[in-house]
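Participant: Provide a 3D model corresponding to the input given below.
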Amino acid sequence: MRQLTIEGYLGRYLRTLSYSGTNSIYKLANEVKNKHHRLREPLYLYALSVGKVDLLLRATFGDALHVRYSELANNYSWSGMLKALESNDESLDGNFHKVYNSYIRMRNMPKTNCRSKTIMRSKIKHLQEDKKITNYRIYTDLKLNPGNINAYLKRGDVNKVSLNTVDRIVEYLESVGV
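Facilitator: Now for the predicted structure:
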């Protein structure tokens with residue numbers, strides 16, 4: 001699986017946040033002018049990451065935000081901005097750090113989920129032993145794919161199941177009587 005890049009994250013994040021569901025700098029700048037304040041920092045970071053700060057400055061010309069974006073453009077290149085975000089530079093607005101930290105959480109989520117599924121597998125195995133419940137019963141009662149459940153429970157292949165499925169299995173085992 002490819003690792004999430006900050007450019008990809010920012011583009012997706014903007015589409016999710018915006019009313020128009022777009023990455024158009026002009027449309028997003030117009031939303032910011034119309035009081036959609038949550039877009040301010042991610043929009044600037046996105047424009048900087050894709051090399052469209054000049055376009056953003058033209059789109060915000062005549063607005064108070066133009067001055068703020070101009071100051072940022074004069075002080076930070078994309079690599080400088082990344083260094084400031086990584087080092088938690090206090091001269092940057094805290095909302096820039098929130099966006100960056102959100103990206104870091106999303107980027108690391110697959111690793112975190114793998115660790116969680118590994119931990120949950122041991123809990124499932126203990127519950128199975130205590131309650132004498134077979135893999136067959138789990139996947140038939142929950143209507144799950146037998147191959148994926150066996151790969152997960154027998155070999156520990158965490159890529160075969162989702163975190164949601166693991167949660168369902170644990171809930172099922174905890175609710176089943178001996």
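Participant: Now the helix or strand harbouring Asp130: buried residues?
Facilitator: Per DSSP states H and E, Asp130 falls inside helix 94-131. Neighbour-count burial for helix 94-131 flags Phe96, His97, Val99, Tyr100, Tyr103, Lys117, Met120, Arg121, Ile124, Leu127, Gln128 (criterion: 16 or more other CB atoms under 10 Å). From N, CA and C alone the C-beta is placed, and that goes for glycine too.
Participant: Stretch 170-178 now?
Facilitator: Buried residues in stretch 170-178, counted by 16+ other CB under 10 Å: Tyr172, Leu173.
Participant: Please name the residues that touch the closest residue to Thr165 other than its chain neighbours.
Facilitator: Using CB to CB, 6 or more residues apart in numbering and skipping residues adjacent in sequence, the residue nearest Thr165 is Leu144, 6.5 Å away. By CB atoms under 8 Å, 6 or more residues apart in numbering, the residues touching Leu144 are Ile138, Thr165, Arg168, Ile169.
Participant: where's the residue nearest the centre of the chain relative to Lys143, distance?
Facilitator: The C-alpha lying nearest the average C-alpha coordinate of the chain belongs to Met106 (CA atoms, centre = their mean; 2.8 Å). For Met106, the distance to Lys143 equals 30 Å [CB to CB, to the nearest Å].
Participant: re earlier: export the buried residues of helix 94-131 to JSON lines and append columns for distance to Ser175 and pLDDT.
Facilitator: Output for these, formatted as JSON lines (distance: CB to CB, whole Å; pLDDT from 0 to 100):
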{"residue": "Phe96", "distance to Ser175": "45", "pLDDT": "93"}
{"residue": "His97", "distance to Ser175": "42", "pLDDT": "94"}
{"residue": "Val99", "distance to Ser175": "40", "pLDDT": "94"}
{"residue": "Tyr100", "distance to Ser175": "41", "pLDDT": "94"}
{"residue": "Tyr103", "distance to Ser175": "37", "pLDDT": "94"}
{"residue": "Lys117", "distance to Ser175": "20", "pLDDT": "93"}
{"residue": "Met120", "distance to Ser175": "16", "pLDDT": "95"}
{"residue": "Arg121", "distance to Ser175": "18", "pLDDT": "95"}
{"residue": "Ile124", "distance to Ser175": "13", "pLDDT": "95"}
{"residue": "Leu127", "distance to Ser175": "10", "pLDDT": "94"}
{"residue": "Gln128", "distance to Ser175": "14", "pLDDT": "94"}
